[in-house]
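Chemist: Just the structure for this:
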Amino acid sequence: MFKEYREFNEELKPKGPMRTHKDNGQVMQCNQGGYEWGFSESEDKTCIIFELAVPRFMDTSLVKVDL
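Modeler: Sure, this is the predicted structure:
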């Protein structure tokens, strides 16, 4: 029922930086915050629209997107 103290401390240790590329150089995708998102196409079919729902008080300078 209760975790051992050692196991509990292991979970609290800071983890290293997240990997962004696999060993073969392919880019890894992630949604660490679990935010809702979606793609759609414009009515005239000239643009792809990416929508991302973020919390109300989240500073948008914290969002990192590569296009």
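Chemist: other SSEs contacting the worst-scoring helix or strand of the chain on mean pLDDT?
Modeler: Within the chain, no helix or strand scores below helix 5-12, which has a mean of 74 by mean pLDDT, DSSP states H and E. The helices and strands touching helix 5-12, judged by 3 or more CB pairs under 8 Å, 6 or more residues apart in numbering; DSSP states H and E, number zero. (C-beta placed from N, C-alpha, C; glycine too.)
Chemist: quick one: average confidence on the next helix or strand after it?
Modeler: Where DSSP states H and E defines the elements, the next helix or strand beyond helix 5-12 is strand 37-41. For strand 37-41, the mean pLDDT works out to 90.
Chemist: what's the distance between strand 37-41 and the middle of its chain?
Modeler: Centroid separation between strand 37-41 and its chain, computed with CA atoms, centre = their mean, to the nearest Å, is 16 Å.
Chemist: next one: stretch 47-54
Modeler: Chain-centre distance of stretch 47-54: 15 Å, with CA atoms, centre = their mean.
Chemist: what residues does it touch?
Modeler: By CB atoms under 8 Å, 6 or more residues apart in numbering, the surrounding residues in contact with stretch 47-54 are Gly33, Tyr35, Glu36, Trp37, Gly38, Phe39, Ser40, Glu41, Ser42, Thr60, Val63.
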